[in-house]
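**Student:** Sequence unavailable; structure follows:
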Ligand SMILES: NC(=O)c1ccc[n+]([C@@H]2O[C@H](COP(=O)([O-])OP(=O)(O)OC[C@H]3O[C@@H](n4cnc5c(N)ncnc54)[C@H](O)[C@@H]3O)[C@@H](O)[C@H]2O)c1
């Protein structure tokens, strides 16, 4: 078919040339107009043909797993993803601008804690399937698929900070050639892919999305610590710019797990879906924290009440209270509402969650006052710096805020966290008047109340932010426990 159209086109060109020579200037306008029309249709046809060829070629490569991926930003999201593709025998260029991180990886050292990742790192470096590199140009050139997983934090004014994304795109477009698939996996505000990224690529390269390259917003939804496991199973939100982009992105991501569900939608809907996911959790946690404050007011335990209301009740599912934070939950609300005039609901949740460390400090002050003491100059040992259990990430951690507030009150604060370079446990506890269990790391389940009572001051009490410790054994060791969400 293509050959026939090409032959007809070339034949028409010869005829038009002949006619224009024979008929002279007078009729040339009519011939030229017809010829221009034929030429433009032919160009559109050939461009479409070329696009189909490129698309089919890429699709075949992806289906046959005969392709390379460039992952831009191999942090807590990008690295587990890179390792998971490498495990599936895909060649991955893991690009990062952080040279310390790259040199650790080359020495086979996992730069952060992630269950199961060390074994995959060893294997992928052995097989050569993971190539850690700073050379984005080379990685983009050699790859058929580019996945962007750089950080998207908040700036000092709590507005989305797109600096990493902008810089990585600036680098990417320098080496972008037609025929590739781009997957945007970082968390961004709704509309980012369609309103910012695609026009930017067009402006800098002249390449048209859906014609010269394919693009999809497929936001990451793993939780840190369980990324390797979840990557294999979590349903994927496939925000394809066009149906072909969606097909290609699903083909790539389904390599990660045979039973993974691919849910197709447009890019803006995918971006919204990701933000809705996290904001829903954050708002729910805020409500549970409000329940905690209410229960305290009534001298009751929110933990017991919530457990009871959830018990065998089909419409239960209320989470237990505790200081909520971390890099995703804290910031994603701002990515959702930053250009809205009425973001009250999300901001109210933020205000409530952010107020919990201050509430904990007030309860500690009250506890000390009852002993006739003040927080100023009292030693407070804070156990846990990470934003959640068994992880070495303290970004937007409520514990950090708690430490800050305690220091502002003039307390002498010592911090222990098994995942950070902090004081050894016994040293942190020595002579403490208050011990705060700020992060429920599994290691703290092993705390020995008797041993602690020998280290801390004789009037010491514990403040448990998570209702995590065994009250009975601590009270037997003469260490009273106050709990967030439980009245006095
Ligand atoms: N951490 C999570 O649990 C999680 C979960 C889901 C989604 N997300 C989202 O995923 C994205 C990445 O988060 P993260 O926690 O992995 O961040 P991170 O800071 O751990 O990783 C980002 C990496 O990108 C690198 N980088 C920055 N600019 C670069 C550039 N121009 N070129 C190359 N590398 C560059 C950084 O050096 C860093 O290593 C964010 O949008 C985040 O909101 C995170």
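**Tutor:** Received the coordinates, thanks. Because the structure is a prediction, the values reported are computed rather than measured.
**Student:** When you work out contacts or count neighbours from here on, use the C-alpha atoms and nothing else.
**Tutor:** Will do.
**Student:** For the ligand, give me its nearest residue in the stretch 251-400 of the chain.
**Tutor:** When scored by Cα to the nearest ligand atom, the stretch 251-400 of the chain has residue 328 as its residue closest to the ligand, at 5.4 Å.
**Student:** does that residue really touch residue 278, like I thought?
**Tutor:** Yes: applying Cα atoms under 8 Å, one finds residue 328 in contact with residue 278, separated by 7.2 Å.
**Student:** Residue 249: what's it in contact with?
**Tutor:** The contact partners of residue 249, taken as Cα atoms under 8 Å, 6 or more residues apart in numbering, are 181, 183, 215, 216, 238, 240.
**Student:** Need the per-residue pLDDT for it.
**Tutor:** You'll see residue 249 listed with a pLDDT of 98.
**Student:** Going forward, count from 15.
**Tutor:** Taking 15 as the first residue, the last one we looked at is residue 263.
**Student:** distance of it from residue 190?
**Tutor:** 17 Å (Cα to Cα, to the nearest Å).
**Student:** Check residue 107 too.
**Tutor:** Going from residue 107 to residue 190 by Cα to Cα gives 15 Å.
**Student:** who's more crowded, those two?
**Tutor:** residue 107 (28 against 21; other Cα atoms under 10 Å).
**Student:** Does the helix or strand encompassing that one pack against any helices or strands, and if so which?
**Tutor:** For residue 107, the host element (DSSP states H and E) is strand 105-109. Applying 3 or more Cα pairs under 8 Å, 6 or more residues apart in numbering; DSSP states H and E, one finds that strand 105-109 contacts strand 82-86, helix 92-101, strand 144-147, helix 150-156.
**Student:** quick one, which of these is nearest to residue 46?
**Tutor:** With Cα to Cα as the measure, helix 150-156 is the member of the helices and strands packed on strand 105-109 nearest residue 46 (41.3 Å).
**Student:** Distance from the chain centre to the next helix or strand after that closest one, please.
**Tutor:** Heading C-terminal from helix 150-156, the first helix or strand you meet, by DSSP H and E, is strand 159-162. Chain-centre distance of strand 159-162: 15 Å, with Cα atoms, centre = their mean, to the nearest Å.
**Student:** Residues contacting the helix or strand just after strand 159-162, please?
**Tutor:** Stepping forward along the backbone from strand 159-162, the first helix or strand reached (DSSP H and E) is helix 177-189. For helix 177-189, contacts defined as Cα under 8 Å, 6+ apart pick out 86, 150, 151, 152, 154, 155, 164, 165, 166, 215, 218, 219.
**Student:** angle of helix 177-189 against strand 82-86?
**Tutor:** Counting by axes from the mean of the first three to the mean of the last three Cα atoms, to 10 degrees, helix 177-189 points 140 degrees away from the direction of strand 82-86.
**Student:** Which strands border the helix or strand just after helix 177-189, and is each parallel or antiparallel?
**Tutor:** Sequence order places strand 195-198 as the next helix or strand after helix 177-189, per DSSP H and E. Using DSSP bridges, strand 195-198 pairs in its sheet with strand 159-162 (parallel), strand 228-231 (parallel).
**Student:** quick one: buried residues of stretch 178-195?
**Tutor:** Judged by neighbour count using 16 or more other Cα atoms under 10 Å, the buried positions of stretch 178-195 are 179, 182, 183, 186, 187, 190, 192, 193, 194, 195.
**Student:** what about it, near the ligand?
**Tutor:** Yes: using Cα under 6 Å from any ligand atom, stretch 178-195 reaches the ligand at 178, 181, 182.
**Student:** Output the residues you listed as CSV; include the columns pLDDT.
**Tutor:** Putting the residues of stretch 178-195 next to the ligand into CSV (pLDDT from 0 to 100) gives the following:
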residue, pLDDT
178, 97
181, 97
182, 97
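**Student:** out of those, who's nearest residue 431?
**Tutor:** Once Cα to Cα is applied, the member of the residues of stretch 178-195 next to the ligand that ends up nearest residue 431 is residue 178, at 29.4 Å.
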